[in-house]
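# need a structure here:
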Amino acid sequence: MKAWLFTILHNLFIDHKRRYASRPRLLSIDEQRPQMSWPPNQIDSIELKNLELSLNALPDSQRIAVLLVGLEGFTYKEASTVMNVPVGTVRSRLSRGRQTLRLVMQVDHRKAL
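Residues are numbered from 1 along each chain as shown. The predicted structure follows:
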């Protein structure tokens, strides 16, 4: 008798699990709202395009220094080895490149407004 009751209860449990697993779970709209919203990315795209144009406007030596140190994360010593120039020259080119980018990006930002 005990085994028979256990089998019945086991089958009822399995039926219950299958029934509710096949149904979609209903959620209130308040629970879904944060997952459905996506922040706009148009401004990010415009800023990246402006940065790309500004980088292309830099002289090659400054652009390489900015990309190696700023983007790739090279140290000044590693960048000087790659560029085959002294460390002081890398610092100078990087400083000038960053300053030029700041100026160009401010002007472009004002034009966009």
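
# doesn't Val82 make contact with Ile74?
For residue 74 the amino acid is Phe, not Ile. Yes. Assessed by C-beta atoms under 8 Å, Phe74 is found in contact with Val82 at 6.9 Å. Quick note: C-beta positions are derived from backbone N, CA and C, even for glycine.

# spit out the residues that contact the two alike.
Common contacts of Phe74 and Val82, defined by C-beta atoms under 8 Å, 6 or more residues apart in numbering, comprise Leu68.

# of the two, who's got more company?
Ranked by neighbour count (other C-beta atoms under 10 Å), Phe74 and Val82 place Phe74 first, with 18 against 14.

# quick one: contacts for the more buried one?
Phe74 neighbours (C-beta under 8 Å, 6+ apart): Leu68, Val82.

# which non-adjacent residue is nearest Gln62?
Gly97 (3.4 Å; C-beta to C-beta, 6 or more residues apart in numbering).

# and the one you found, what helix or strand is that in?
Assessed by DSSP states H and E, Gly97 sits inside helix 87-112.

# correct me if wrong: the residue nearest to Gln62 contacts Leu58.
Yes. Under the criterion of C-beta under 8 Å, Gly97 makes contact with Leu58 at 5.5 Å.

# quick one: common contacting residues for these two?
Residues within reach of Gly97 and of Leu58 at once, by C-beta under 8 Å, 6+ apart, are Val66.

# where in this structure is pLDDT low?
Applying pLDDT under 70 to the chain picks out residues 25-39, 107-113.

# go again using 50 as the cut-off
113 (pLDDT under 50).

# for Pro59, phi and psi?
phi -60, psi 150 (degrees, to the nearest 10).

# correction: Ala21
Per-residue torsions, Ala21: phi -70, psi -30 (degrees, to the nearest 10).

# contacts only, for the residue nearest to Arg91 when sequence neighbours are not counted.
Among residues not flanking Arg91 along the chain, Tyr76 sits closest, at 6.1 Å (C-beta to C-beta, 6+ apart). Applying C-beta under 8 Å, 6+ apart, one finds that Tyr76 lies in contact with Val69, Val87, Val90, Arg91, Leu94.

# most surrounded residue in those residues?
Val90 (25 neighbours).
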